[in-house]
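[1] this one's sequence-less:
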């Protein structure tokens, strides 16, 4: 079973501003990956497909990091 996550934001935390309350709640939900976990578990994905997606994501992150490093070096 998955772990139980309680995400809560009170009006006192945001100074009574409802729009900030909603933004903070959405940010916390994204940080805890609640929606992503639900979507992942909504249908079966073969282990080979999981590995393929993970490998592609790692390659994308590596390319992005390399571009950032190159951009920082070129501006100096």
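    Perfect, I can see it now. Treat the numbers as computed from the prediction; the structure is a model and nothing was measured.
[2] what's the distance between the worst-scoring helix or strand of the chain on mean pLDDT and the middle of its chain?
    Lowest by mean pLDDT, DSSP states H and E among the helices and strands of the chain is helix 34-41, with a mean of 88. The gap between where helix 34-41 is centred and where its chain is centred comes out at 11 Å by C-alpha atoms, centre = their mean, to the nearest Å.
[3] Over to stretch 58-76?
    Distance, centroid of stretch 58-76 to centroid of chain: 20 Å (C-alpha atoms, centre = their mean).
[4] Now do the buried residues in it.
    Judged by neighbour count (16 or more other C-beta atoms under 10 Å), stretch 58-76 contains no buried residues. Yep, even glycine has a C-beta here, placed from its N, CA and C like the rest.
[5] Contacts for it, please.
    Around stretch 58-76, nothing counts as a contact under C-beta atoms under 8 Å, 6 or more residues apart in numbering.
[6] So which bits of the least confident helix or strand of the chain are buried?
    With the criterion 16+ other C-beta under 10 Å, helix 34-41 contains no buried residue.
[7] Which SSE is immediately downstream of that helix?
    Using DSSP states H and E, the helix or strand that directly follows helix 34-41 along the chain is helix 47-75.
[8] now that following helix against helix 34-41, angle please.
    Angle, helix 47-75 to helix 34-41, by axes from the mean of the first three to the mean of the last three C-alpha atoms, to 10 degrees: 140 degrees.
[9] pLDDT (mean, whole number) over helix 47-75?
    Mean pLDDT, helix 47-75: 95.
[10] how about residue 10, secondary structure?
    At residue 10 the chain is in coil, as set by DSSP: H, G, I helix; E, B strand; the rest coil.
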